[in-house]
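> below are the sequence and a predicted model for it; my questions follow.
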Amino acid sequence: MSYTIYVSPTAVEDINAAIEYYNALATDLGYRFADIVNEYFERIAFSPTSSAIRYKSIRCKPIKRFPFLITFTIDEINQSVNILRVFNTYQEPLW
């Protein structure tokens with residue numbers, strides 16, 4: 001059974017910024033990035049517990065072709081996944 005995916009506004013901003021950046025580097029590279037992110041969202045929806053827990057209840061799924069990490073939580077009661085960030089691992093954390 002597939003979980004419902006909810007993407008936070010911060011994650012949407014992360015994705016949009018990456019799409020703009022990669023499209024500036026090469027034609028349609030940003031859109032290929034978006035397609036890969038959507039594939040990962042589908043994988044997470046199908047099997048969210050297969051990703052490792054990194055911080056308390058936050059799970060992380062690295063994207064193989066791009067230096068990004070998808071962070072998310074699982075809501076077992078509502079059968080949903082909350083995507084928190086699509087974090088560029090080349091950036092420094094804001095802590």
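Received, thanks.
> so what strands line up beside the one helix or strand Arg54 maps to?
Following DSSP states H and E, one finds Arg54 within strand 52-55. In the sheet containing strand 52-55, the strands it pairs with under DSSP bridges are strand 58-63 (antiparallel).
> so how far is the partner strand from its chain's centroid?
Centroid separation between strand 58-63 and its chain, computed with CA atoms, centre = their mean, to the nearest Å, is 7 Å.
> any buried residues in it, and which?
Residues of strand 58-63 classed as buried: Arg59, Cys60, Lys61, Ile63 (neighbour count, 16 or more other CB atoms under 10 Å). C-beta here means a position set from N, CA and C on the backbone, and glycine is covered the same way.
> mean confidence score for the strand holding Arg54?
The average pLDDT within strand 52-55 is 87.
> run through who's touching it.
Identification of contacts with strand 52-55 by CB atoms under 8 Å, 6 or more residues apart in numbering yields Arg59, Cys60, Thr71.
> who is the residue nearest to the spatial centre of the chain paired with across the strands?
In the chain, the C-alpha nearest the mean C-alpha coordinate belongs to Ile70, at 3.1 Å (CA atoms, centre = their mean). Here Ile70 sits in beta bridges with Lys61, Val86, as judged by DSSP bridges.
> can you pull the contacts of it?
By CB under 8 Å, 6+ apart, Ile70 lies in contact with Val37, Tyr40, Phe41, Ile44, Cys60, Lys61, Pro62, Ile63, Ile83, Arg85, Val86, Phe87.
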